[in-house]
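Participant: Let's see this in three dimensions:
(one chain, ligands or ions: 3)
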Amino acid sequence: MNQLIDKPLSINDITTMKRKGEKISCLTAYDASFAAVIDKVGIDILLVGDSLGMVVQGYGTTIPVTIEQMVYHTQCVSRVRKRAYIIADMPFMTYSNLDDAARNAAQLLQAGGAHMVKLEGARVDCVRFLVEQGIPVCGHLGLLPQSIHQLGAYSVQGKEPEAAQKLRDDAQKLQELGAGMLVLECVPAALAKQISAELTIPVIGIGAGIGCDGQVLVLYDMLNIGVNKRPRFSKNFMTGFKCVEEAITAYHLAVKSAEFPGLEHSF
Ligand SMILES: Nc1nc(=O)c2c([nH]1)NC[C@@H]1CN(c3ccc(C(=O)N[C@@H](CCC(=O)O)C(=O)O)cc3)CN21
Ligand SMILES: CC(C)C(=O)C(=O)O
Ligand SMILES: [Mg+2]
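Facilitator: Ligands and ions are numbered 1, 2, ... in the order given. Predicted coordinates:
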């Protein structure tokens, strides 16, 4: 692992990890200092998540986050990254039509330095269009935080058989349209495992159990410094460690060895 640490990872490297059964590690990052530590430890993917609206800006949802802010934070991260693959979230209402989606995704790649953009929901036309333009896209299904005021609560999704089937169909559709990766958030572990097995693209889970190809957590949750209560599926990795780098290393190793997430972090 260590001798490769400075070689930049491509989407092919990440997909190869899935094919070979090597778990993929991912953490959110919003600034240069944390990004440098995460990158140094060997985490595979840096996600510049719109969760920054909650953990950095102090809002109760991700909805207020703007594209300018996402570009700024993505720049902070991409300037120092040496190895990890960088995914940046498209914020709320920045992909509600095809022109906006293309322009805003281009901002994240060109000005921000991201390698891939992530957008929430089965946005079929949007994903197809972005992929046609040569923009790498990560899907995001299950709990969609940008739809919190429709959902009513940050709760587990896909529990009913119909909802589970729709998630499987949507995941398949996103892969067919050319999405290069998929995030599954807060879905039953058995369903996430099934979807991960059905797809060839890497599936990264958060609150989605051990059966996914990789795991992502919000950095501040695993460092136990969130302003909001840590979600049940997350884990305090500072326990037993004196510094951030050790805690992030512990997370990285726990993901790679499939020790995390345990049943107590799954639905
Ligand atoms: N700090 C932070 N961590 C996250 O994981 C996260 C964010 N922010 N912001 C964007 C979304 C929102 N997410 C969340 C936020 C809260 C819960 C949560 O509190 N869940 C409760 C159960 C709630 C219910 O069932 O009604 C839990 O106890 O885990 C889950 C996912 C995941 N993402
Ligand atoms: C929780 C992850 C998947 C995310 O979208 C974010 O950090 O914004
Ligand atoms: Mg997000």
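Participant: what comes into contact with the longest helix along the chain?
Facilitator: Scanning the chain for the helix with the most residues, using DSSP state H, yields helix 161-177. Surrounding helix 161-177, the residues in contact under the criterion C-beta atoms under 8 Å, 6 or more residues apart in numbering are 122, 124, 127-128, 131, 139, 141-142, 157-158, 182, 184, 187-188, 191, 194-195, 198-201, 203. In this view, the C-beta of every residue, glycine as well, is placed from N, C-alpha and C.
Participant: Could you list which of these belong to strands?
Facilitator: Secondary structure from DSSP state E places 139, 141-142, 182, 184, 203 of the contacts of helix 161-177 in strands.
Participant: By neighbour count, which of the residues you listed wins?
Facilitator: Of the ones in strands among the contacts of helix 161-177, residue 184 is surrounded by the most neighbours, 29 neighbours in total, counting by other C-beta atoms under 10 Å.
Participant: so what's that residue scoring on pLDDT?
Facilitator: The confidence metric pLDDT takes the value 98 at residue 184.
Participant: now the nearest residue to residue 196 once chain neighbours are set aside, which residues is it bridged with?
Facilitator: By the measure of C-beta to C-beta, 6 or more residues apart in numbering, the closest residue to residue 196 outside its immediate chain neighbours is residue 203, 4.1 Å from it. Following DSSP bridges, residue 203 is listed with bridge partners residue 182.
Participant: quick one: residue 203 from ligand 2, how far?
Facilitator: Counting by C-beta to the nearest ligand atom, to the nearest Å, the gap from residue 203 to ligand 2 is 12 Å.
Participant: Drop anything exposed from the contacts of helix 161-177.
Facilitator: With neighbours counted using 16 or more other C-beta atoms under 10 Å, the contacts of helix 161-177 contain these buried positions: 122, 127-128, 131, 139, 141-142, 157-158, 182, 184, 187-188, 191, 194-195, 199, 201, 203.
Participant: so the residue nearest to residue 196 sits right up against residue 179, yeah?
Facilitator: No - between residue 203 and residue 179 no contact is recorded; they are 10.6 Å apart, counting by C-beta atoms under 8 Å.
Participant: Up against ligand 1, what does the stretch 1-150 of the chain have?
Facilitator: On the criterion C-beta under 6 Å from any ligand atom, ligand 1 has as its neighbours in the stretch 1-150 of the chain the residues 51, 54-55, 62, 143, 145.
Participant: got the contact list for the closest residue to ligand 2 within the stretch 1-150 of the chain?
Facilitator: As assessed by C-beta to the nearest ligand atom, ligand 2 sits closest to residue 49 within the stretch 1-150 of the chain, at 2.1 Å. With contact taken as C-beta under 8 Å, 6+ apart, residue 49 is in contact with 28, 30, 89, 218.
Participant: could you pull out the helices for the stretch 151-267 of the chain?
Facilitator: 161-177, 189-198, 219-222, 244-256 (DSSP state H, counting those that start in this stretch).
Participant: Give me the neighbour count for residue 172.
Facilitator: Based on other C-beta under 10 Å, the number of other residues close to residue 172 is 13.
Participant: for residue 60, same thing?
Facilitator: Once other C-beta under 10 Å is used to define contacts, residue 60 is seen to have 11 neighbours.
Participant: That one touches residue 145, doesn't it?
Facilitator: No - between residue 60 and residue 145 no contact is recorded; they are 10.7 Å apart, counting by C-beta under 8 Å.
Participant: Can you read off the pLDDT for the residue nearest to residue 196?
Facilitator: On the pLDDT scale, residue 203 gets 99.
Participant: now do residue 213
Facilitator: The predicted local confidence for residue 213 comes out at a pLDDT of 99.
Participant: List the contacts of it.
Facilitator: 17-18, 23-24, 196, 202-204.
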